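Peer 1: sharing a sequence plus its predicted fold:
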Amino acid sequence: MQIRNRRASTFSVPAETGAWVTATAVRRVTETLRDWGYRPDGDSVAAVVTLLVGSAVADGGRRVSVHVADEAAVAAIAVLSHRPGAPADDQAAVLRRIGTIDGVLSCGTDAAPDGRRVWALLDVDPTASPRPASAAPAP
């Protein structure tokens, strides 16, 4: 996975079950989006990140990494399990659940040499327009 010509943030959390792991990931993703000038729906971000992290943790690796990038008020959130050859659990069910969350534009999963990735594209609301306001017409 390569992210080019846009802002990106990456961090890792231990691949442990428990509310603190997902809460940490949710907080970090939400803070990143707010730092970038977005006003994300906290419930949608929490639901998406919780499902993504939970799916990666289920692969049984030692850690998961969370990657966040943005473009045109859309955030890409990807979570990597860091467990090559992870068993394919019922990803279709997880993806269906992610797809029903408000603001999710797309989601998916794929196998990478360093583990399985699960991702979602989430519509976020900018707090300040990234484009300059158009000039008012002359009277």
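Peer 2: Yep, it's here.

Peer 1: for the spatially most central residue of the chain, give me its contacts.
Peer 2: The centre of the chain sits closest to residue 77, judged by CA atoms, centre = their mean, with a distance of 1.9 Å. Neighbour list for residue 77: 29, 48, 49, 52, 66, 67, 68, 119, 120, 121, 122 [criterion: CB atoms under 8 Å, 6 or more residues apart in numbering]. Any C-beta I mention is one placed from the backbone N, CA and C, and that applies to glycine too.

Peer 1: residue 27 now?
Peer 2: For residue 27, the contact set (CB under 8 Å, 6+ apart) is empty.

Peer 1: tell me which residues in whichever strand or helix holds it are buried?
Peer 2: Element membership of residue 27, judged by DSSP states H and E, is helix 19-35. Residues of helix 19-35 classed as buried: 21, 22, 24, 25, 26, 28, 29, 30, 32, 33 (neighbour count, 16 or more other CB atoms under 10 Å).

Peer 1: again, but for stretch 7-14
Peer 2: 9, 13.

Peer 1: how far out from the middle of the chain is that stretch?
Peer 2: How far stretch 7-14 lies from its chain's middle: 10 Å, per CA atoms, centre = their mean, to the nearest Å.

Peer 1: please renumber the chain so that the first residue is 450 from this point on.
Peer 2: Will do, 450 is the new start, and the previous item becomes stretch 456-463.

Peer 1: closest one of the contacts of residue 526 to residue 460?
Peer 2: Closest to residue 460 out of the contacts of residue 526 is residue 515 (5.7 Å), distances taken as CB to CB.

Peer 1: wait, a strand at the closest one?
Peer 2: Yes: Residue 515: assigned to a strand according to DSSP: H, G, I helix; E, B strand; the rest coil.

Peer 1: show the pLDDT at it.
Peer 2: Here, the pLDDT recorded for residue 515 equals 95.

Peer 1: with residue 553 instead?
Peer 2: Model confidence at residue 553, given as pLDDT, is 94.

Peer 1: do the same with the one 4 residues further on
Peer 2: Residue 557 carries a pLDDT score of 92 in this model.
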